[in-house]
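K.L.:
Predicted structure and sequence below. I'll ask about it afterward.
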Amino acid sequence: MSEKNVLVVCLNPTFELTVILDSFYENEVNRSGNYFTFPSGKGVNVVRVLTQLGTEATALTHLGGNRAQEFIELCDAEHIKLAYFTAESPIRTCINIVNSEKKTSTEIVEEPLPVEEGAGAHAFDVFDSLLPKTDALVITGTRARGYEADLYPRMVQRAKEKGKLVVLDMRGEDLRLSLASRPDVIKPNLSELMATVENGRVVLENENSDTLRETVRSVTKKIFDDYGAKSVISRGKFDTWVYDGNEFFALPNKDVPVVNTIGCGDALTAGMTHRLLSGDALKDAVSFGMECALKNAQSLRHGLQ
């Protein structure tokens, strides 16, 4: 294990049910004997890959409902370290449909039920107790409803006050409010970035968005000039765009057969953070993260194995 320690916050735990089909027919019965369930949510996905890379990492989340123990046991089986507190919101299930014929993966996302009043205070208390032993903070994903709008920004502020590396993979209000505390790196995908800076503009994750390059260059430069945050903008199968504080550049993706795209952005976040903690420049760290994402895409199960 690396001597570095990463705290990954994602207040939206998930069971991922992956169903593999030889082919998929809409408006028909589709049967499969090839399916499996594993613990997910963006935070767990990031910790999974960091752990596989040899960096000690902990996923901070809430757990609730009658499947909480199952979630804990599934994480234990993969050596995924959890720091959790109890909340009333049950763990949601998202479904990933893999169509072997068309080589596509389609995710159906279940929106979670809200957490109860006071859950945000519990989350911050656990976060604050773990922060002193942490070298880097990653906050990823959308918080469940019921948490206060200032929860993630307060975490970013506290981490920066303590001199921690802070990486944010988030969007919308959470990202806008967190920028004031000057995180080190933000890593939304292009769809999330454009929806954040252009009032809900829709950019599909798999559409060719090269025409937006100059817009994104301008946006990411302004973010750095105003807040000191470097930007990594993933674009699915297309090049990843990076602004490192000096220049804006594209890192090409490799064109290889893909089995499953779910969790690839999380693998990129994990690999990049792993290398940033080792002292790599952002360009090299992102390149390594993209290699991790590629390995994830070639496996039915999330991660590098």
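P.N.:
Thanks, I have the structure now. Residues are numbered from 1 along each chain as shown.

K.L.:
From Thr220, how far out is Glu214?
P.N.:
Separation of Glu214 from Thr220 (CB to CB, to the nearest Å): 11 Å. The C-beta positions use only the backbone N, C-alpha and C, and glycine is treated the same way.

K.L.:
neighbour count winner among these two?
P.N.:
For Glu214 and Thr220, the more surrounded residue by other CB atoms under 10 Å is Thr220, and the numbers stand at 24 against 10.

K.L.:
Buried residues, the helix or strand hosting the more buried one. List them.
P.N.:
In the assignment (DSSP states H and E), Thr220 maps to helix 213-227. Neighbour-count burial for helix 213-227, counted by 16 or more other CB atoms under 10 Å, picks out 216-217, 219-220, 223-224.

K.L.:
helices and strands around it, which ones?
P.N.:
helix 190-197, strand 230-235, strand 238-243, strand 248-251 (3 or more CB pairs under 8 Å, 6 or more residues apart in numbering; DSSP states H and E).

K.L.:
and the ones you listed, which is most packed in?
P.N.:
Comparing the helices and strands packed on helix 213-227 by mean neighbour count (mean count of other CB atoms under 10 Å), strand 230-235 ranks first with a mean of 25.

K.L.:
wait, isn't Phe127 in contact with Met155?
P.N.:
Yes - using CB atoms under 8 Å, Phe127 is in contact with Met155, at 5.6 Å.

K.L.:
From start to finish, how long is stretch 270-289 in a straight line?
P.N.:
7 Å (CA to CA, to the nearest Å).

K.L.:
One more: stretch 204-220?
P.N.:
19 Å.

K.L.:
swap in stretch 234-245?
P.N.:
Note: stretch 234-245 ends 17 Å apart using CA to CA.

K.L.:
What lies in contact with that stretch?
P.N.:
Residues from elsewhere that reach stretch 234-245 (CB atoms under 8 Å, 6 or more residues apart in numbering): 187-190, 205-206, 208-210, 213, 216-217, 220-221, 223-224, 228, 230-233, 248-253, 255, 258, 261, 265, 268, 281-283, 286, 290, 293.

K.L.:
pretty sure Glu111 contacts Arg92?
P.N.:
Yes - counting by CB under 8 Å, Arg92 is a contact partner of Glu111 at 7.3 Å.

K.L.:
Those two: which is more packed in?
P.N.:
More crowded of Glu111 and Arg92, by other CB under 10 Å: Arg92, with 18 against 11.

K.L.:
separation between that one and Glu110?
P.N.:
4 Å.

K.L.:
With only the CA atoms kept, save stretch 166-176 in CSV.
P.N.:
Provided in CSV are the C-alpha atoms of stretch 166-176 (Å, rounded to 0.1, in the frame of the first residue of the first chain):
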residue,chain,number,x,y,z
VAL,A,166,-8.8,18.5,-3.3
VAL,A,167,-10.3,16.9,-6.4
LEU,A,168,-13.9,17.5,-7.3
ASP,A,169,-16.0,15.4,-9.7
MET,A,170,-19.3,17.2,-9.4
ARG,A,171,-21.6,19.6,-11.1
GLY,A,172,-24.2,22.3,-10.7
GLU,A,173,-24.7,24.2,-7.5
ASP,A,174,-22.3,21.9,-5.6
LEU,A,175,-19.5,22.8,-8.0
ARG,A,176,-20.3,26.5,-8.2
